[in-house]
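*Asks:* Next input, structure requested:
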Amino acid sequence: MATKFAVSGQHYLFSVQAFAHTIFAGGGTEYAYAFRNGTTRSVIEDVYSGRSNLGVIFETTQNAATIEKALDEAGLEFNPIISSKPYVALPASHPLSNASSLSIEDLSDYPYVYFEQEAGDSADFYEEALSSVPRDRRVATTDRASLTELISALNGYTVTSGILVGITDGSSLQTVPLQTDVTLKLGYIARKDEHLEGLAEVFVKSLTKNLSRYVQL
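*Replies:* Numbers count the residues shown, from 1 in each chain. Predicted coordinates for the structure are as follows:
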């Protein structure tokens, strides 16, 4: 019988790496794997419906109550792995790239690039911390490659965990600490009281290793 395993997640490269490791660890000559990037709402829906075994998302001290409510209604729970502070991702050539830290006000003259979410969802479902802060220049996109390219082309920025834009295709960008009291918690969602085993356990262990290695605290 072919091995089957699926993960849905927000747009993080570290979860892609963990998924690739899971495929290698699973081995075999027949398998059917799926890795899906999508909106926060779609990640929750995929795990709720059983389309995916696990989901990878983050919570912040600002949106935790809203996210936890949505998960509870779907019979899911968030399992935090690691905490980090938000960072600003911007081109290496950006005038502010050498700053020791930045405030949202420092960035007001530059385009803010972010991942578009489901119509009608509040800012609590966005993938960027402090997404509810008003900004005059906003550019939405739906995929990671476009986000990186738009930031570089427009001399813009986004707010990340420090590795949201990527370990490989984000090489043209760099991160600067953001001045804020908000904290991120990165982790996975699963059905309530579900015991991890098999490939799900392999994936979470690999994800934990990657987060411990790459997240900037």
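
*Asks:* residue boundaries of the strands in the protein?
*Replies:* Along the chain, the segments classed as strands by DSSP state E run 3-9, 31-37, 54-60, 76-84, 87-91, 112-115, 138-141, 158-160, 173-177, 184-191.

*Asks:* Let's have those in TSV, adding distance to N98 and mean pLDDT.
*Replies:* Where C-beta positions appear, they are placed from N, C-alpha and C, glycine not excepted. Formatted as TSV, these follow (distance: least, CB to CB, whole Å; pLDDT from 0 to 100):
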stretch	distance to N98	mean pLDDT
strand 3-9	32	92
strand 31-37	31	95
strand 54-60	27	95
strand 76-84	22	95
strand 87-91	11	93
strand 112-115	20	96
strand 138-141	24	96
strand 158-160	18	92
strand 173-177	8	90
strand 184-191	24	96
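
*Asks:* Buried residues of stretch 57-77, list them for me.
*Replies:* Buried residues in stretch 57-77, counted by 16 or more other CB atoms under 10 Å: 57-60, 62-64, 66-67, 70-71, 74, 76-77.

*Asks:* what about the longest helix in this structure?
*Replies:* helix 198-214 (DSSP state H).

*Asks:* G50: neighbour count?
*Replies:* G50 sits with 9 neighbouring residues when counted by other CB atoms under 10 Å.

*Asks:* Residue numbering should commence at 25 henceforth.
*Replies:* Renumbered: residue one is now 25, and that last one reads G74.

*Asks:* distance of it from V183?
*Replies:* Using CB to CB, to the nearest Å, G74 is found at 32 Å from V183.

*Asks:* picking that back up, quick one: which of the strands of the chain is nearest D70?
*Replies:* Ranking the strands of the chain by proximity to D70 (CB to CB) places strand 27-33 first, at 3.9 Å.
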